[in-house]
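Undergrad: Okay, structure incoming, though there's no sequence with it:
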DNA sequence: CAATAAGGTACTAAAATAGTACCGTTTTGG
DNA sequence: CCAAAACGGTACTATTTTAGTACCTTATTG
């Protein structure tokens, strides 16, 4: 359903926790306790976020994790890519697409464009904004509103 | 990976075929042949699209399917919702969310905002545009560019 | 040197997705 | 009027992905 995985959802909680801490570092179990997420999952997430360069780790006793940079400089796209891999709406959006329909397919390019638009959206929202929703513009009309005239707009 | 399912991907091929036809209706097997998708899958997709009101069906010999309205009035959001269910980035974006973390969770609202932004993007792209990618604005700056200053922008 | 904490890997279980099959109903046209 | 064409509905199986866990290794501190 175009849904992020649970792990990614949890991952943002973990990051929010790190963003909110006043202390130096937080250990995986600190975070597990404050977020109420299972320790094994928290550890897994922190490893992934660390690999992606979003958090940094300190080993040994009194070690732990911290954000690698300011929450203003961590984008939603960064987070999603770290935890779910490349942001690709369709299989053929990938550079090494193996879609054998690509010749016949007239819509691949269209979806790639949509993919870019979504990526831009996700690049433009920071972790800091995620933690403080009011700072996210809730209704930003595009500068040239070239919309689907009369396209049904379901209201959720 | 924030990816649409294969079926949705196939579904847009089916819709593109219907959008392109000059004839009256196309049967499931017509579409299966022209798209090279398996007949059972094509049938399943057409049933779903019909239920969602995107295509209309005509039963009996010489029956088949046609778009329910102009491809300009069918949005990407319509298609995704028909084939993948509600457009919800996170579990707690749903109205009947059962996320017991909701109290502790500071990021749910933020993701909901992002969800709305993506929804708007998908509402603003039509099937007609998907079939003719050049008509999709490839670089539309938002009217107030309140971006993450210096957020890393991975280039895919 | 013992305790704490991260790094890495591999495995199991559960859930979602994809693909298929079958039978019923409607309509056409000879 | 009946056989063939084509959709409607449902239920099932297999595959793939996701979630969750376990276990061992390495590093740091006091």
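TA: Cool, got the structure. Note that the structure is a prediction, hence the values are computed from the model and not measured.
Undergrad: what's the pLDDT at residue A:139?
TA: The predicted local confidence for residue A:139 comes out at a pLDDT of 61.
Undergrad: oh, I was asking about residue A:109
TA: On pLDDT, residue A:109 comes in at 88.
Undergrad: Any chance you could list what contacts the helix or strand bottoming out on mean pLDDT in chain A?
TA: Taking mean pLDDT, DSSP states H and E as the measure, the helix or strand of chain A with the lowest value is helix A:108-123, at a mean of 92. Helix A:108-123 is contacted by residues A:75-77, A:80, A:87-90, A:92-93, A:99, A:102, B:2, B:9, B:12, B:76, B:114, B:117-118, B:121-122, B:125, B:129-133, B:136, B:138, B:140, B:147-148, B:151, B:153, B:156 when judged by Cβ atoms under 8 Å, 6 or more residues apart in numbering or on different chains. Bear in mind the C-beta positions are built from the backbone N, C-alpha and C, glycine included.
Undergrad: cool, stretch A:81-97 as well?
TA: By Cβ under 8 Å, 6+ apart, the list of residues contacting stretch A:81-97 from outside reads A:4-5, A:7-8, A:11, A:45, A:48-49, A:51-52, A:54, A:77, A:80, A:98-99, A:101-102, A:105, A:108, A:111-112, A:114-115, A:118-119, A:122, B:1-4, B:6, B:9, B:154, B:156.
Undergrad: tell me the mean pLDDT over that stretch?
TA: What stretch A:81-97 shows for mean pLDDT is 83.
Undergrad: OK, contacts around the residue lying farthest from the centre of chain A?
TA: Of all residues in chain A, the one whose C-alpha sits farthest from the chain's mean C-alpha position, using Cα atoms, centre = their mean, is residue A:104 at 32.6 Å. Contact criterion Cβ under 8 Å, 6+ apart gives B:13, B:35-36 as the residues in contact with residue A:104.
Undergrad: As a markdown table, these with distance to DNA strand C would be great.
TA: Below are the contacts of residue A:104 laid out as a markdown table (distance: Cβ to the nearest atom of the strand, whole Å):
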| residue | distance to DNA strand C |
| --- | --- |
| B:13 | 12 |
| B:35 | 12 |
| B:36 | 12 |
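Undergrad: contacting residues around the helix or strand hosting residue A:31?
TA: Residue A:31 belongs to helix A:28-35 when assigned by DSSP states H and E. Contacting residues not belonging to helix A:28-35 are listed as A:10, A:13-14, A:17-18, A:37-39, A:42-43, A:46, A:64-65, B:101, B:104 [Cβ under 8 Å, 6+ apart].
Undergrad: filter those by proximity to DNA strand D?
TA: A:10, A:38 (Cβ under 7 Å from any atom of the strand).
Undergrad: What residues does chain A have near DNA strand D?
TA: With the criterion set to Cβ under 7 Å from any atom of the strand, chain A comes near DNA strand D through A:5-8, A:10, A:38, A:40-41, A:44, A:59-63, A:84.
Undergrad: Most neighbours among those residues, which one?
TA: Going through the residues of chain A next to DNA strand D with other Cβ atoms under 10 Å in any protein chain shown as the criterion, the one with the most neighbours is residue A:8, at 22 neighbours.
Undergrad: Return the backbone torsion pair for the closest residue to that residue other than its chain neighbours.
TA: If the residues on either side of it in the chain are set aside, residue A:8 comes closest to residue A:83, at 4.3 Å by Cβ to Cβ, 6 or more residues apart in numbering or on different chains. Torsion angles at residue A:83 (phi, psi; degrees, to the nearest 10) stand at phi -100, psi -20.
Undergrad: Only the buried subset of the contacts of helix A:28-35, as a ChimeraX command please.
TA: Here is the ChimeraX command that picks out the buried ones among those, judged by 16 or more other Cβ atoms under 10 Å in any protein chain shown:
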select /A:10,13,14,17,18,37,42,46,64,65 /B:101
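Undergrad: which of the contacts of helix A:28-35 are the two that sit furthest away from each other?
TA: In terms of Cβ to Cβ, those reach their longest pairwise distance at A:64 and B:101, which sit 22.0 Å apart.
Undergrad: what about the residue nearest the centre of chain A, which helix or strand?
TA: Nearest to the geometric centre of chain A sits residue A:80, at 2.7 Å (Cα atoms, centre = their mean). Under the criterion of DSSP H and E, residue A:80 resides in helix A:76-84.
Undergrad: tell me the angle that helix makes with helix A:108-123.
TA: 110 degrees (axes from the mean of the first three to the mean of the last three Cα atoms, to 10 degrees).
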